[in-house]
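Visitor: Need the 3D shape of this:
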Amino acid sequence: MHQKTIKRGNWFEIYDGPCFTLARRLPARFDISREISMPLMSAPRLARQIRQDIWRKLQSIRGFLPVVEITDRGAHLHIRAGGELTCPAPFERSGERIFDVLSNRDNQRRWAAFAATRGPHCHKQKALPSC
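Guide: Residues are numbered from 1 along each chain as shown. This is a model prediction of the structure:
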């Protein structure tokens with residue numbers, strides 16, 4: 001399976017087998033990240049919602065570029081969210097803020113409601129076991 005990259009506005013959407021990545025620039029880089037699992041749903045729609053909420057929480061960090069990577073593991077989605085830091089930043093506090101966004105049950109319910117609608121852009125492919 002080959003990688004497919006689409007540029008939408010200022011964002012890159014990377015489809016690579018069971019893995020979907022949303023990044024501001026390429027190559028996507030995780031200087032800081034946190035991970036969670038969620039039920040199956042549209043990965044692109046979910047990634048956009050997570051990216052927006054992480055940006056809202058960390059936009060005060062100079063040089064922060066959000067990245068969201070979602071891998072379809074068959075029974076669930078594995079989500080790694082965080083991003084690139086182009087300037088020095090407090091890693092531990094930034095990581096805690098990312099985890100707060102990801103682990104917030106209200107956020108998860110809102111994301112799931114938005115991403116539950118499967119359309120032509122849903123990510124449902126079988127290929128490599130991980131990114």
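Visitor: now for the helix or strand of the chain with the lowest mean pLDDT, which elements pack on it?
Guide: Using mean pLDDT, DSSP states H and E, helix 91-103 stands out as the lowest-scoring helix or strand of the chain, at a mean of 90. Where contact means 3 or more C-beta pairs under 8 Å, 6 or more residues apart in numbering; DSSP states H and E, helix 91-103 is packed against strand 32-38, helix 43-58, strand 77-85. In short, each C-beta sits where N, CA and C put it, glycine included.
Visitor: Would you mind getting the angle between that helix and strand 77-85?
Guide: 150 degrees (axes from the mean of the first three to the mean of the last three C-alpha atoms, to 10 degrees).
Visitor: How about the following helix or strand past helix 91-103, which residues are buried there?
Guide: Per DSSP states H and E, the first helix or strand lying C-terminal to helix 91-103 is helix 105-115. Neighbour-count burial for helix 105-115 flags 107-108, 111, 115 (criterion: 16 or more other C-beta atoms under 10 Å).
Visitor: burial of R51, as a residue count?
Guide: Neighbourhood size, R51 [other C-beta atoms under 10 Å]: 19.
Visitor: whoops, I mixed them up, A47
Guide: Count around A47 with other C-beta under 10 Å applied: 27.
Visitor: gap between the most far-flung residue of the chain relative to its centre and R25?
Guide: Taking C-alpha atoms, centre = their mean, the residue of the chain most remote from its mean C-alpha position is P88, at 22.0 Å. In this view, P88 and R25 are 19 Å apart by C-beta to C-beta, to the nearest Å.
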